[in-house]
Structure formats: structure tokens, C-alpha cells
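Asker: just a sequence and a predicted model for now, questions to come.
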Amino acid sequence: MVNAELKEYINSSLNAGQSLGQIKQSLVLKGWSDKDINEAVDSIKNPGSINNTSKKSSKVLLWTIISIVIFIILIGGIFFIIKSSSESTKVSTCEKLEQPFKDACYVTAAQEKNDETICKNTENKDNCYANLALFKKNSSICDNIMDLNSSDNCKTLASFMSEDYGTICENSEDQLSKDKCYGGVAVLKEDVSYCEKIQNIDIKNYCLAPFNKDESLCENIADTTIKYSCYSEVAVSKEDYTLCEKNLGYMGKEYCYITLAEIKKDESICENINISSLYGGEDVNLMHRRDACYSVVALKKMSEIVCDNIMDLPTKNECYRNIAIKKRDPTICSKINDSGCYESIAIINQDSSLCLNIEETVRDYCNENSNCDTIPVQHDKNRCYTSVAVGRNDSSYCEKIQNEDYTNDKELCKLAFKSY
């Protein structure tokens, strides 16, 4: 069943000028599941200008289009590879990789060789074509994309990347589309002068307020959903979490607190998220939002102490696990008694003694991979070095790899290292 409050929040955010891509990414970060988000989005038949039947109108909404295309690429797991590799990527190498690295490898090869036919080898061909079109600033490549909406968005963004933004906004058919286009360009280029071109007073104030760090401009906005979102934008630009209280939209102030807490690396800001239910007890959704706030701050500060504040046990354990692996600190694993946590750190640290914390029946893999040098099979040894290179963020381990006649594991290691 579609979450009514989530649907209301998405509609309000769209009306406030936020893009579907921005909303989705924000909701994922705040703890909502992909399933809940997608169900809510699918239930909205006409989400603002995203699904507008007029292609020309949808094309001028720069902030919408950019976020949609980037979201498509992120979902495909290949956005990180959009820049060209310094070393030539062999197409034959890609086939040996597992997903998502296989597709990422093909995208890199397609970019380096300027060959869109390589995208035919990928599982998600549309993502590959979109990456290549944006990388080459060539909108004609977007014609290969099967999904018509994605193809149109790809063409528009590729055009924006190769043409003058202001000219494209001027070519919009109606003034409202021009205004929203200028607002998007202002954010994209971090240039307040584009806000001055906007004629709609609400959109203009929404555009100017974060640049000027002036919440009084939000007070002059007639549309309440835009006004509430404006307060959050100014709160972020001023790094003043007290302004979050003025966002009275659904979960508006909660998301505002989470953003500011992460920016300022201050978990005390999360305490402003009131989890009390109007009907008594605790509101589960609000509790998850506050837990998400503590999680993002914990990762930002690399502090497992912040995880202690999380109420939901699985979320708390995941927080400890992430910090433990990133810090390569097995003592944190003891908080959750997670064998996978010990195993990951044992391999990264190349310390077989940590395997003793794992049940004996499932200890073999840990023991074998916690000392890459002693692994008898060369291919398995090479995979071990790759894991350590990525975990330690140290590409020198790739140099320890010895390629066999039928593999190029060293190149695969370097590709995996660059991908992360």
C-alpha cells in the first residue's frame, strides 16, 4: 500500500520546484526504502512537470532534468566512471568482471574509444548511452535509449552541457518555464545573476534567498509549499538549524535537521527531531528519520559513539558495522557480534587472528584470505590483493598481482580501485 504521507511529501516537494531525482536521493538518504519511494512515485499520475505531456515544457526545467538523468546513472551504478580513465580499457577485460563493474568497465571503454556500439554489451544499455552522451556532449547518442522520457532528458542535458544556458532558457515557450529554467541555471552555475532574470515573484525569492542568506525573502512567498522549502534552503546556506522549524511541510524540518547535522557534523542537531506521536508514544517514521540523522553524522565523523544514539537495532548495528570497516577497527565489531564485520577487517588488515572471532564452521575463507601471500592458487591470491587494495585505499597491492596467461587480474584490480 502506498504511504499517503510519503506521497503528499513528494507532491509538495515537486510543487516547490524540487526535481524527482533530488527527492528520491534525499528520501533514500533519510531512510526510506526504494520500494516505498517507487510505489509513491508510481501512484502520482502527473508529478509536477516531470511527466508533463508537453516535451518542450519539460525540457526547460533544468534542475528536474539534471537530477533525473544523474539519478538514472546512479541507479545503474556507473556514475563514478563518467570521467575517462588514464589507462586504456580493453573490452575483453570487461567480460571477466561481475556487475556492476562489468557495465562500468564497458562505459569506460565506450568513452575512451568513442564507440557507442560497446554499450550493446551492457545489461543496462540506456545508462551506458546516457553516460556516453553526457561525456561526449553529443545528444545524438541519446537516440539509442529505448525509454522515451530518459531519451528526451538525455538529449536536453547533453544540449545544456554543450550550449549556452541562458539562450536555452530564453527559447522556452512560456514565462513560467523560463523562470524555472533560470532558477535551475542559477543553482547549477552558482550564479545569482540568473535569479534576477526571473519574473515570477515566488520563484525569484526562492532563488535569491539561499544566495543572499536572507529568510525574509521566504516570508514574501505566497505558495506555502515553496515558502517552507525556501526556509530549509536558507537554513542550509546559513548553516542555521533554527530556521528548520519554519518548514512546516511534511517531514520538512526533519530533513532540514538531517542535512544541517551532516554538514556541521553535529549529532546534537538530530535531537531536534521530535519522535513523539500525536496519539501518544513514538512515531515510527519520525524515529527512523532521527536514526538516519545519527547514521549520517556517525559516518561523517567516523565515530561509532554517535551510533549509540540510534534506537532501531538493525540500523544501529549497520552503523557500527560501517564505521568498523571504514576505520578497520575490529573492537567495534564486538558491539554487534557480527562475523562478517570481523571477516572484512581481517582481510583488509591481513590479520588472521581476527578470524578466531568467527564460528569455526565458517572460518576457512577468512583464514585463507587474511594472508594473501600464502594463498596457493594465483587467481584467488589476486582477488585477495584486490580486496585489500580497495579496503585500504592503497593501489600498491594491485602491483603484487601476477597475471596468468588467460587473465589480466592486475588491470581488473586497478579498475576496481578506481571505481571505489
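Answerer: Looks like it arrived, so ask away. Residues are numbered from 1 along each chain as shown.

Asker: and the contacts of stretch 374-381?
Answerer: Contact partners of stretch 374-381, identified using CB atoms under 8 Å, 6 or more residues apart in numbering, comprise E368, N369, C372, D373, C384, I401, Q402, E404, T407, D409. For glycine as for every other residue, the C-beta is placed from the backbone atoms N, C-alpha and C.

Asker: stretch 353-368 now?
Answerer: Contacts with stretch 353-368, where a contact means CB under 8 Å, 6+ apart, come from 330, 333-334, 339, 342-343, 345-347, 352, 370, 375, 380.

Asker: filter those residues to the buried ones?
Answerer: Buried subset of those (neighbour count, 16 or more other CB atoms under 10 Å): P330, C333, Y342, E343, I345, A346, I347, S352, S370, I375.

Asker: quick one: which two of the residues you listed are the most distant?
Answerer: Of all pairs drawn from those, the greatest distance, 23.4 Å, lies between C333 and I375 (CB to CB).

Asker: between the contacts of stretch 353-368, which sits nearest L157?
Answerer: Once CB to CB is applied, the member of the contacts of stretch 353-368 that ends up nearest L157 is I347, at 40.1 Å.

Asker: now the helices: where do they sit in the stretch 51-200 of the chain?
Answerer: Using DSSP state H, counting those that start in this stretch, the helices found in the stretch 51-200 of the chain span residues 55-59, 62-75, 91-94, 101-113, 125-136, 148-162, 165-170, 175-189.

Asker: out of the ones you listed, which is closest to E196?
Answerer: When these are ranked by proximity to E196, the top entry is helix 175-189, at 8.6 Å, counting by CB to CB.

Asker: in the next helix or strand after that closest one, which residues are buried?
Answerer: Counting by DSSP states H and E, the element after helix 175-189 in chain order, helix or strand, is helix 201-212. Across helix 201-212, burial judged by 16+ other CB under 10 Å covers D202, I203, K204, N205, Y206, C207, L208, A209, P210, F211.

Asker: ok, so of these, who is nearest S177?
Answerer: Sorting these by distance to S177 puts I203 at the head of the list, at 10.9 Å, by CB to CB.

Asker: quick one: R289 from L132, how far?
Answerer: From R289 across to L132, the span is 38 Å (CB to CB, to the nearest Å).

Asker: with M161 instead?
Answerer: In this structure, M161 lies at 13 Å from L132, with CB to CB as the measure.

Asker: higher neighbour count, those two?
Answerer: Here M161 and L132 are set side by side on neighbour count (other CB atoms under 10 Å), and the busier one is L132, at 24 against 16.

Asker: can you tell me how far the more buried one is from E411?
Answerer: Here the distance between L132 and E411 works out to 21 Å (CB to CB).

Asker: check E360 too.
Answerer: Noted for E360: a distance of 37 Å to E411, by CB to CB.

Asker: where does the chain have its least confident helix or strand?
Answerer: Across the helices and strands of the chain, the lowest-confidence element by mean pLDDT, DSSP states H and E is helix 55-59, at a mean of 35.

Asker: put together TSV for the buried ones among the contacts of stretch 353-368, with distance to I275 on each row.
Answerer: What follows is these, written out as TSV (distance: CB to CB, whole Å):
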residue	distance to I275
P330	33
C333	28
Y342	33
E343	35
I345	33
A346	37
I347	38
S352	44
S370	42
I375	49
